[in-house]
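S.K.: how does the following fold in three dimensions:
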Amino acid sequence: MSSYSPNIIIQGATHNNLKGIDLSIRSGELTVITGLSGSGKSTLLFDVLHAEGQRRYVETFSPYVRQFLDALPRPKVENISNARPSIAVEQKNSIRNTRSTVGTMTELCDYFKVWFSEVASLFDPINGARIHAESTESITHQIISKYSDRTLVFGFLIEKPSHMDQAAFLSYLGQAGYTRIFSNLKYKRIDSIKKLNETDEKIFVVLDRVTISNSQKKRIIEAVNLAVDLGKGVGEIRCTKGSKIETIVSGLRSKENYRVFLPATPNMFSFNSPHGACPECKGFGKTISIDPRKVIPDESLSIFENAIKPFTGKVYGHCKEDLRDHCDKLNIDIHKPYRELTDQQKQFVWKGDEHYEDKSSLWYGVEKFFSWLEKKTYKMHVRVFLSKYRGYFLCETCNGTRMQQDTECWRWKNLTLSQLYSMTIDELLKTLPKMSKSSKNKRNIALTGIRTRLGYLQDVGLSYLSLDRPSKTLSGGETQRVNLTTCLGSALTDALFALDEPTIGLHEKDIGNLIGILRKLADAGNCVCVVEHDEQVIKAADKIVEIGPHPGDEGGRITFHGTIPELLRSKESVTGRWLRKKDNRIPKKARIEGSDINTNGFLKIKHASLHNLKNFSVDLPLGKFVGIAGVSGSGKSTLLNEIIFESLSKSPNSKTVLSEKPFESVVLVDQNTISKTPRSNAILYADGWTPIKEALGRTDEAKKLGYFAADFSFNAGSGRCEECMGLGYELIEMQFLSNLQTPCGYCNGMRFKDDILAIKLGDLSVFDILNLTVDQAVTRLERYPKTFKKLKLLQEIGLGYLTLGQPLNTLSGGESQRLKLVKYMGNLSRNRKHSILLIDEPSTGLHMQDVQKLVHALQTIVEAGNSLFVIEHNSQILNSADWILELGPGAGKEGGEVVFNGPPNSHKGKNFKNTKTFEKSKRRLNKFNYSDRKISGEKGFLEVLGVEENNLKNLDLRIPHNEFVVVTGPSGSGKSSLAFDVIFAEGQRRFMESMSSYARQFIEQMPRPKVDHIDGIPPTVAIEQRVTRGSRKSTVGSITEVTQYLRLLYAKLGIQLSTDSKQPLQKTSAFEIEKRVHAQLKSNSKKNGGEHILLAPLITGRKGHHKPIVNWANGKGFEEVRCDGVYFRTDGFAGLDRYRIHDIEAVITKWSKNPSRAQIKSFIQYALEVGSGRCLLSNI
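M.R.: Next up, the predicted model:
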């Protein structure tokens, strides 16, 4: 039997836009999936390969566990053979947990807390002296070595209680068995003392007098024990004359103030544990309190002009009047701008009168106003009000370290754990000790895990990060590479790793290291599949799969599958054509030449200091396309987002950033992904839907049916389908199975009511319009200029194939990035004033051909007279720029400097191509073997070394992969220990380490086995023999989990019957009721006419006279009610027989002739509201 893993074989994949794809992926190879944006790359890798691999592995867990895990839907594919357990590393940062940091994401904090608890020493915060954990034996040893042959007195100090007189206190000491104390500078017997010295705050009680020697060791131990115990942890040693020689303490206790410290445990060094977290901020590092900048947002306003924002409006407007009255008394000018008030006057406004007490007539102050509100947070509107004025501030107790004070007293090499966390990865690796060859103890195991993971972070170009960096501040690319290090740390084999553009945000010089990491994963026997457009990664791949030939419905086919030499020869591959063209990315002529540089002036940045930018100054041309380049972590995002944008958005001419050319607006397009919701679509996001809604609302048919523009929305209004609430599908939650989406049975997936769909704009209904592609809509919707403008932009940027109603959650990363640009580009035109547009990596998710269209769109912005500043690593975009600013030379503290600043074609620019941005990786790509790779024999085995679990005696094993292996031996010999406690436990543990911590908390993981080394282990599944009997409630069905599926089957497919008629119950909507009522009225009018009465049930089958409910109906304006089939007026209602069962309905309206559909809709809605979802139609 072969020891090599079989290929993953996909047959007939038709998910989303895939066109029956057949594909074979080999284990141990690096496979790159490339193609135009929107062609189906992510669908193939994540929605088909990853989804099926993870789904199959997750199904091996119990139904209880599976209901907590994200169950991916089953892909539309005929068959997938040999699917691997899959781990996805995507290009997004969905982390919003404030507790999460780089350290917790990579599990480095877990290793650090174990290692630090083993190596750290305790230091007294008062004098910095080291504190040792003293035991009775260690104290005795020190006493014997220091005071040999001396006579010492052992005792402890005691304080006389304030409620006892001297006689009673001395009597108490005598009764306790003590005979001597030190008083009035002498040792005295207690029974001989008549009066104590009044100046003695504490009395020294003598326990023993010992001449120090080894022969008296037992006696000394006993004396020390008594002194420490009776002195509550603190004893004293004195000489025979009474002078104190030494204070003795036990355990971890300061000798300065006798403060007790807890021994070091791993939880003490975790800010996610109550034992280690700061009690003030609970381990978050920040506290929430009232932000004065939100309370007084504009200090140029006066108190009279509502400078204090919470005092505006009707609710708390009286507070402003109170302040004005007290200001008048103190001659504080309420018409003067707040910033011009003196510090003392500001203090009065904020803190209030210093003599203020509750309910006094003095001014209480803004601060006490909010304190008063804090007591009323049980009211919803108060909580909402307070949230508007709160902000996050650095915790004053822990100063942002997140740790409690005791934790900060522990140091290693004079460094606290929080100081280690604040170092960059490079600094940490230099600071930490080297790994020891011995890995038997806890300290070395933890250190090995730390250095290994730090090395991985360094390899993926994240050496500038610190472990205390909050996860939610990471970019999508940084998050992906951090997660990649977690996968590497798991050291799995025979798994599928799916990565989405891992080169995002990565400088060209770091891509070689990333390729090396991907190669490590592949060489370990895994299937490594990467969606990527970067030339270096494509050339380093073993196999390339190109999806195309076009985006959208015209894509979804494999246009190439083979090696890089074959790709370069392929005539059908668009990627091959681009790789063969060497000079197509360098513009023949730049737009900046000589005197043209200063035409529009400069954006001047002066002495900016933030993060790693220190006293940073640079001049950048306005009205041009400026590319900002540099290694990851060099300060590009800080410059663009936090200095240029923050400064210009607050003030056109701040001290730090000065624009020599006036501008109308400054717009930032950052890396945050657009909302992945099915309730939004391309035309909505691009702000082009409103004119269409308004046009539909103006039609005669809409007016006749009583619909308005707002009703032509599937997110609100009365026009959307009420059953699916405008989604077009019903989401069926399947608990421990993946959820199902089925078309809505009422609207058949059209999202709107039939009435709305009958209203047409020309020959197009609202559903037809949303199903138009952008290219089709450009020709059909020319009459609507605002919409047409947005559609043209979508078309020009290469999104003409999208349908207007395509949900945002189905867009690829490249499509989402371009859609974001359209949203902002629509506001920039030739007719408007100069604007500044800031963009962070617009090439994300784009193929080389897509980038060409993007460059054209960016140049159009500049040609319209605007300024464009773009952070980018893509050489196509940088070579198209008018001006280049490169930051560096390194990352973190080694960055933040100008490496190059000028036009690419200037004399300086000739040297620019030798700088790091255009520096090619020194790794020679042709050294990789592009022929079919085979996993080496060493990787074809599961290698287990030094197993000592349970009764196993230092066992070494090599078990071949993909073979039927039997473990046998006598009962109790260790078979189950090897199979389940070692191999299964470690395989599952390593796979789960790559999953989210949320998922892991629900899965009972076996402890780490006692083994020196395990290599080549795949994710594992255990099928154990049941050795325990179930409870009395257990059945064959519950043990085999059949009942779990049966209850789900009944819950989702069972038909509920009426308890009275035993007929099937049907769910209906208000719209369906409207249609039935309309049809009934129409049918009856043709037959016999008559009057129809619409009723809303108030009481059904209840005894009582029911006068209160009829009086309530009268108060609501109902003139009549029907009681047991008889109509009564509500005014003067006498009541019913209280001992009989009655039915009461309110008369909503009476129709003697057919009403309009709008009237029916209005009355039905009101009847359902009054009748709690029920209404009746009666014919007289």
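S.K.: helices of the stretch 1-150 of the chain, start to end?
M.R.: Remark: helices assigned in the stretch 1-150 of the chain by DSSP state H, counting those that start in this stretch are 41-42, 51-58, 63-66, 102-105, 108-119, 136-146.
S.K.: just the buried positions in the longest one, please.
M.R.: Of the residues in helix 108-119, 108-118 count as buried by neighbour count, 16 or more other CB atoms under 10 Å. C-beta here means a position set from N, CA and C on the backbone, and glycine is covered the same way.
S.K.: what do you get for the last one?
M.R.: Residues of helix 136-146 classed as buried: 136, 139-140, 143 (neighbour count, 16+ other CB under 10 Å).
S.K.: name the residues linked to I547 by a beta bridge.
M.R.: Residues in a beta bridge with I547, per DSSP bridges, are G35, I558.
S.K.: burial of it, as a residue count?
M.R.: I547: 30 surrounding residues under other CB atoms under 10 Å.
S.K.: on that earlier part again, and of the buried residues of helix 108-119, the nearest to T416?
M.R.: F116 (9.1 Å; CB to CB).
S.K.: look up how far S659 lies from the closest one.
M.R.: 49 Å (CB to CB, to the nearest Å).
S.K.: what of N444?
M.R.: If you go by CB to CB, the gap between N444 and S659 works out to 57 Å.
S.K.: of these two, who's got more company?
M.R.: More crowded of N444 and S659, by other CB under 10 Å: S659, with 22 against 17.
S.K.: was I right about that one contacting H834?
M.R.: No. Using CB atoms under 8 Å, S659 makes no contact with H834, being 9.0 Å away.
S.K.: list residues touching both of the two?
M.R.: L622 (CB atoms under 8 Å, 6 or more residues apart in numbering).
S.K.: which parts of this structure belong to which domain?
M.R.: 8-94+481-580, 104-130+262-285+395-473, 134-250, 296-392, 626-671+812-909, 675-810, 941-1015, 1070-1179 (the TED database).
S.K.: V1036 is nearest to which of the ones you listed?
M.R.: It's domain 8-94+481-580; of the domains of the chain, that one is closest to V1036 (CB to CB) at 15.8 Å.
S.K.: what is the end-to-end distance of the closest one?
M.R.: 31 Å (CA to CA, to the nearest Å).
S.K.: any idea of the mean pLDDT for that domain?
M.R.: Domain 8-94+481-580 carries an average pLDDT of 88.
S.K.: thought L878 was touching V855, still the case?
M.R.: No. With contacts counted by CB under 8 Å, V855 stays clear of L878, the gap being 10.2 Å.
S.K.: tell me the pLDDT of the residue lying closest to W363 once chain neighbours are set aside.
M.R.: Leaving out its chain neighbours, the residue that sits closest to W363 by CB to CB, 6 or more residues apart in numbering is H326, at 3.9 Å. At H326, the model reports a pLDDT of 91.
S.K.: what do you get for the one 3 residues further on?
M.R.: If you check K329, the pLDDT there is 88.
S.K.: also S997?
M.R.: 58.
S.K.: same question for W115.
M.R.: pLDDT, read off for W115, is 93.
S.K.: ok, it - contacts?
M.R.: Per CB under 8 Å, 6+ apart, neighbours of W115: 443, 446-447, 450.
S.K.: now, which of those residues lie within helices?
M.R.: Among those, the members found in helices (DSSP state H) are 443, 446-447, 450.
S.K.: among these, who's most crowded?
M.R.: I450 (25 neighbours).
S.K.: contacting residues for that one?
M.R.: 108, 111-112, 115, 432.
S.K.: helix, strand, or coil at Y1127?
M.R.: When classified by DSSP: H, G, I helix; E, B strand; the rest coil, Y1127 comes out as strand.
S.K.: I'd like the numbering to begin with 775 instead of 1 from here.
M.R.: Happy to do that; since the first residue is 775 now, the last one works out to Y1901.
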